[in-house]
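Colleague: Quick check, what structure comes out for this input:
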Amino acid sequence: LSPTSSILNLLAEEDSVQPASEAFQSILHSDQSTPHHPYRRISFPRFDKLVEKYGSLEKIQRSDLDTQTKLALVYKSQPETFREIESRFVAIFPHIQGLKIEPVEDEKAPFFVSQIPILQIREEGVANWIDQWRISSGMLRTIFHLAEMYLWPEGTVILIDEFENSLGVNCIDVLTEDLCQPHRNLQFILTSHHPYVINAIRPKSWKVVRRKGGVVEVHDAATLGLGESSHEAFIQLINSEQYRDGIALA
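Modeller: Down below sits the predicted model:
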(Lines give C-alpha, C1' and ligand atoms only; values in the text may rest on other atoms or scores of the structure.)
Protein backbone atom coordinates (compact mmCIF):
# COMPACT_ATOMS: atom_id res chain seq x y z
CA LEU A 1 0.00 0.00 0.00
CA SER A 2 1.09 3.56 -0.68
CA PRO A 3 2.75 5.21 2.35
CA THR A 4 1.43 8.63 1.27
CA SER A 5 -2.29 7.85 0.76
CA SER A 6 -4.93 6.79 3.24
CA ILE A 7 -6.82 3.50 3.04
CA LEU A 8 -10.01 5.50 2.43
CA ASN A 9 -8.43 7.11 -0.63
CA LEU A 10 -6.90 3.92 -2.00
CA LEU A 11 -10.08 1.85 -1.61
CA ALA A 12 -12.58 4.63 -2.36
CA GLU A 13 -14.27 2.60 -5.12
CA GLU A 14 -14.93 -0.42 -2.90
CA ASP A 15 -18.63 -0.74 -1.98
CA SER A 16 -17.91 -1.06 1.73
CA VAL A 17 -15.53 1.92 1.78
CA GLN A 18 -17.19 4.33 -0.66
CA PRO A 19 -19.78 5.79 1.81
CA ALA A 20 -17.02 6.72 4.28
CA SER A 21 -14.87 8.18 1.52
CA GLU A 22 -17.75 10.33 0.25
CA ALA A 23 -18.53 11.47 3.81
CA PHE A 24 -14.98 12.75 4.30
CA GLN A 25 -15.30 14.69 1.04
CA SER A 26 -18.24 16.56 2.62
CA ILE A 27 -15.99 18.09 5.29
CA LEU A 28 -15.02 21.72 4.69
CA HIS A 29 -12.28 23.46 6.66
CA SER A 30 -13.25 27.11 6.98
CA ASP A 31 -10.13 29.17 7.65
CA GLN A 32 -11.16 32.81 7.58
CA SER A 33 -8.00 34.00 9.35
CA THR A 34 -6.04 34.27 6.09
CA PRO A 35 -6.49 37.24 3.74
CA HIS A 36 -9.14 36.85 1.06
CA HIS A 37 -7.38 37.84 -2.12
CA PRO A 38 -9.99 37.85 -4.90
CA TYR A 39 -7.44 38.05 -7.73
CA ARG A 40 -5.97 34.71 -6.68
CA ARG A 41 -9.32 33.03 -6.11
CA ILE A 42 -11.42 34.00 -9.14
CA SER A 43 -8.94 34.87 -11.88
CA PHE A 44 -8.60 31.36 -13.35
CA PRO A 45 -10.59 30.13 -15.09
CA ARG A 46 -12.34 33.18 -16.48
CA PHE A 47 -15.32 34.14 -14.37
CA ASP A 48 -17.75 34.28 -17.31
CA LYS A 49 -16.95 30.62 -18.01
CA LEU A 50 -17.81 29.74 -14.42
CA VAL A 51 -21.15 31.56 -14.76
CA GLU A 52 -21.98 29.43 -17.81
CA LYS A 53 -20.95 26.21 -16.09
CA TYR A 54 -22.75 26.78 -12.78
CA GLY A 55 -26.13 28.17 -13.83
CA SER A 56 -28.26 26.99 -10.90
CA LEU A 57 -28.08 27.30 -7.13
CA GLU A 58 -27.79 23.51 -6.78
CA LYS A 59 -24.82 23.38 -9.16
CA ILE A 60 -23.13 26.21 -7.27
CA GLN A 61 -23.69 24.48 -3.92
CA ARG A 62 -22.39 21.12 -5.14
CA SER A 63 -19.28 22.56 -6.80
CA ASP A 64 -15.88 22.35 -5.12
CA LEU A 65 -15.31 26.10 -5.60
CA ASP A 66 -14.35 28.23 -2.60
CA THR A 67 -17.02 30.19 -0.75
CA GLN A 68 -16.06 33.58 -2.21
CA THR A 69 -16.33 32.33 -5.79
CA LYS A 70 -19.69 30.74 -4.99
CA LEU A 71 -20.89 34.03 -3.54
CA ALA A 72 -19.83 35.85 -6.72
CA LEU A 73 -21.72 33.33 -8.85
CA VAL A 74 -24.84 33.70 -6.72
CA TYR A 75 -24.63 37.49 -7.06
CA LYS A 76 -24.50 37.09 -10.84
CA SER A 77 -27.18 34.45 -11.40
CA GLN A 78 -29.16 33.85 -8.17
CA PRO A 79 -30.18 37.33 -6.92
CA GLU A 80 -32.82 36.07 -4.46
CA THR A 81 -30.29 33.95 -2.57
CA PHE A 82 -27.76 36.78 -2.61
CA ARG A 83 -30.36 39.18 -1.19
CA GLU A 84 -31.01 36.76 1.69
CA ILE A 85 -27.31 36.72 2.57
CA GLU A 86 -27.08 40.50 2.17
CA SER A 87 -30.15 41.03 4.35
CA ARG A 88 -28.71 38.95 7.18
CA PHE A 89 -25.39 40.79 6.96
CA VAL A 90 -27.09 44.20 7.07
CA ALA A 91 -29.09 43.07 10.11
CA ILE A 92 -25.78 42.50 11.93
CA PHE A 93 -24.20 45.73 10.62
CA PRO A 94 -27.09 48.24 10.29
CA HIS A 95 -24.79 51.02 9.00
CA ILE A 96 -24.09 48.94 5.87
CA GLN A 97 -26.49 49.81 3.06
CA GLY A 98 -25.65 47.05 0.60
CA LEU A 99 -23.26 44.51 -0.90
CA LYS A 100 -22.18 43.89 -4.46
CA ILE A 101 -19.62 41.71 -6.23
CA GLU A 102 -18.53 43.44 -9.39
CA PRO A 103 -15.28 44.41 -11.13
CA VAL A 104 -13.68 47.56 -9.74
CA GLU A 105 -13.92 50.54 -12.05
CA ASP A 106 -10.28 51.52 -12.43
CA GLU A 107 -8.95 52.61 -15.80
CA LYS A 108 -5.36 52.02 -14.63
CA ALA A 109 -5.97 48.39 -13.67
CA PRO A 110 -4.70 45.61 -16.00
CA PHE A 111 -7.32 43.98 -18.23
CA PHE A 112 -7.38 40.67 -16.33
CA VAL A 113 -7.98 42.54 -13.07
CA SER A 114 -10.80 44.64 -14.51
CA GLN A 115 -12.75 41.46 -15.32
CA ILE A 116 -12.62 39.94 -11.81
CA PRO A 117 -15.67 40.50 -9.55
CA ILE A 118 -14.65 42.02 -6.22
CA LEU A 119 -16.68 42.08 -3.01
CA GLN A 120 -17.68 45.66 -2.14
CA ILE A 121 -19.86 47.23 0.57
CA ARG A 122 -21.73 50.51 0.73
CA GLU A 123 -21.51 52.19 4.14
CA GLU A 124 -23.75 54.96 5.41
CA GLY A 125 -22.01 58.34 5.18
CA VAL A 126 -19.32 57.10 2.76
CA ALA A 127 -19.59 58.34 -0.82
CA ASN A 128 -17.86 55.48 -2.62
CA TRP A 129 -18.17 51.72 -2.44
CA ILE A 130 -15.55 50.14 -0.15
CA ASP A 131 -13.40 47.52 -1.88
CA GLN A 132 -12.75 44.11 -0.34
CA TRP A 133 -9.18 44.79 0.79
CA ARG A 134 -10.45 47.83 2.77
CA ILE A 135 -13.20 45.91 4.58
CA SER A 136 -12.46 44.95 8.19
CA SER A 137 -11.48 41.34 8.85
CA GLY A 138 -14.47 40.91 11.18
CA MET A 139 -16.92 42.00 8.49
CA LEU A 140 -15.30 39.71 5.93
CA ARG A 141 -15.47 36.74 8.29
CA THR A 142 -19.15 37.47 8.92
CA ILE A 143 -19.95 37.68 5.21
CA PHE A 144 -18.24 34.40 4.39
CA HIS A 145 -19.63 32.50 7.37
CA LEU A 146 -23.14 33.62 6.39
CA ALA A 147 -22.43 32.59 2.80
CA GLU A 148 -21.32 29.13 3.96
CA MET A 149 -24.76 28.55 5.47
CA TYR A 150 -26.41 29.10 2.10
CA LEU A 151 -23.84 27.97 -0.45
CA TRP A 152 -22.59 24.55 0.65
CA PRO A 153 -24.64 21.42 -0.11
CA GLU A 154 -26.85 19.57 2.34
CA GLY A 155 -24.84 17.22 4.55
CA THR A 156 -21.69 19.37 4.63
CA VAL A 157 -19.69 19.41 7.88
CA ILE A 158 -17.96 22.80 8.30
CA LEU A 159 -15.00 23.02 10.69
CA ILE A 160 -14.27 26.56 11.93
CA ASP A 161 -11.15 27.00 14.05
CA GLU A 162 -10.89 29.87 16.57
CA PHE A 163 -14.37 31.06 15.65
CA GLU A 164 -14.17 34.31 17.63
CA ASN A 165 -11.02 35.66 15.92
CA SER A 166 -11.58 39.14 14.44
CA LEU A 167 -15.27 39.09 15.38
CA GLY A 168 -16.58 41.95 17.51
CA VAL A 169 -19.15 41.55 20.28
CA ASN A 170 -21.82 43.01 17.98
CA CYS A 171 -21.59 40.05 15.59
CA ILE A 172 -20.30 37.11 17.66
CA ASP A 173 -23.61 36.42 19.41
CA VAL A 174 -25.81 36.96 16.33
CA LEU A 175 -23.58 34.89 14.07
CA THR A 176 -23.36 32.08 16.63
CA GLU A 177 -27.14 32.09 16.93
CA ASP A 178 -27.46 31.81 13.14
CA LEU A 179 -25.07 28.85 13.06
CA CYS A 180 -27.18 27.08 15.69
CA GLN A 181 -30.40 27.42 13.68
CA PRO A 182 -31.11 24.16 11.81
CA HIS A 183 -32.62 25.82 8.71
CA ARG A 184 -30.51 23.55 6.48
CA ASN A 185 -28.93 20.12 6.92
CA LEU A 186 -25.45 21.40 7.77
CA GLN A 187 -23.21 20.67 10.76
CA PHE A 188 -20.86 23.27 12.18
CA ILE A 189 -17.99 22.31 14.48
CA LEU A 190 -16.42 25.36 16.14
CA THR A 191 -13.39 25.66 18.38
CA SER A 192 -13.53 28.55 20.82
CA HIS A 193 -12.79 29.70 24.36
CA HIS A 194 -14.85 32.90 24.11
CA PRO A 195 -17.68 33.30 26.68
CA TYR A 196 -20.09 34.80 24.12
CA VAL A 197 -19.72 31.76 21.87
CA ILE A 198 -19.88 29.23 24.70
CA ASN A 199 -22.94 30.82 26.29
CA ALA A 200 -24.80 30.78 22.97
CA ILE A 201 -24.35 27.02 22.51
CA ARG A 202 -26.13 24.48 24.71
CA PRO A 203 -23.81 22.42 26.96
CA LYS A 204 -25.04 19.16 25.45
CA SER A 205 -23.29 20.22 22.23
CA TRP A 206 -19.98 20.93 23.99
CA LYS A 207 -16.87 18.82 23.58
CA VAL A 208 -14.18 19.74 26.09
CA VAL A 209 -10.74 19.07 24.61
CA ARG A 210 -7.89 18.69 27.09
CA ARG A 211 -4.23 18.19 26.25
CA LYS A 212 -1.54 17.22 28.71
CA GLY A 213 1.81 16.69 27.03
CA GLY A 214 1.18 14.45 24.04
CA VAL A 215 -2.09 13.05 25.40
CA VAL A 216 -5.35 14.58 24.12
CA GLU A 217 -8.68 13.79 25.81
CA VAL A 218 -12.20 14.77 24.72
CA HIS A 219 -15.09 14.89 27.20
CA ASP A 220 -18.80 15.68 27.02
CA ALA A 221 -20.05 18.38 29.37
CA ALA A 222 -22.15 15.79 31.21
CA THR A 223 -19.15 13.59 32.03
CA LEU A 224 -17.49 16.59 33.71
CA GLY A 225 -20.60 17.28 35.81
CA LEU A 226 -21.18 20.74 34.33
CA GLY A 227 -24.50 22.56 34.80
CA GLU A 228 -27.54 22.57 32.55
CA SER A 229 -27.42 26.25 31.53
CA SER A 230 -24.56 27.55 29.41
CA HIS A 231 -23.71 30.28 31.92
CA GLU A 232 -23.67 27.91 34.91
CA ALA A 233 -21.66 25.34 32.96
CA PHE A 234 -19.14 27.95 31.84
CA ILE A 235 -18.56 29.17 35.40
CA GLN A 236 -18.02 25.59 36.55
CA LEU A 237 -15.71 24.97 33.61
CA ILE A 238 -13.34 27.88 34.30
CA ASN A 239 -13.05 26.74 37.90
CA SER A 240 -12.42 23.11 37.04
CA GLU A 241 -9.15 21.23 37.13
CA GLN A 242 -9.38 20.65 33.39
CA TYR A 243 -9.45 24.41 32.73
CA ARG A 244 -6.45 25.12 34.95
CA ASP A 245 -4.46 22.49 33.05
CA GLY A 246 -5.31 24.19 29.76
CA ILE A 247 -8.19 23.24 27.45
CA ALA A 248 -9.98 24.28 24.31
CA LEU A 249 -13.69 23.98 23.62
CA ALA A 250 -14.93 22.45 20.38
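
Colleague: Start and end of stretch 163-175, how far apart?
Modeller: End-to-end distance for stretch 163-175: 10 Å, by C-alpha to C-alpha, to the nearest Å.

Colleague: Report the buried residues of that stretch.
Modeller: 163-164, 167, 171-172, 174-175 (16 or more other C-beta atoms under 10 Å). Every C-beta, even on glycine, is put in place using the N, C-alpha and C of the backbone.

Colleague: Look up the pLDDT of the residue most central in space within the chain for me, please.
Modeller: Note on the chain: the residue nearest the mean C-alpha position is H145, at 3.6 Å, using C-alpha atoms, centre = their mean. pLDDT for H145: 88.

Colleague: On the three-state scheme, it is what?
Modeller: Per DSSP: H, G, I helix; E, B strand; the rest coil, the local secondary structure of H145 is helix.

Colleague: So, low pLDDT: which residues of this protein?
Modeller: Applying pLDDT under 70 to the chain flags the ranges 30-45, 106-114, 182, 227-232, 234-235, 237-250.

Colleague: on that earlier part again, which of the buried residues of stretch 163-175 sits closest to E13?
Modeller: Within those, proximity to E13 (C-beta to C-beta) peaks at F163, which comes in at 36.1 Å.

Colleague: list the contacts for that closest one?
Modeller: Going by C-beta atoms under 8 Å, 6 or more residues apart in numbering, F163 touches 176, 190-192, 194, 197.

Colleague: redo that, cut-off 6 Å
Modeller: 190, 192, 197 (C-beta atoms under 6 Å, 6 or more residues apart in numbering).

Colleague: just checking, which of those residues belong to helices?
Modeller: Of those, the ones assigned to helices by DSSP state H are V197.

Colleague: nearest to L65, of the contacts of F163?
Modeller: Of all these, L190 has the smallest distance to L65: 23.0 Å, by C-beta to C-beta.

Colleague: got the phi/psi numbers for the closest residue to that closest one other than its chain neighbours?
Modeller: Counting by C-beta to C-beta, 6 or more residues apart in numbering, L190 lies nearest to F163, which is 4.2 Å off, once chain neighbours are set aside. Per-residue torsions, F163: phi -50, psi -30 (degrees, to the nearest 10).

Colleague: Helices along the chain, start to end?
Modeller: So, for the chain - with DSSP H - the helices run 7-10, 18-24, 38-42, 47-53, 57-62, 67-77, 79-92, 111-114, 137-151, 169-180, 195-200, 230-238, 241-245.
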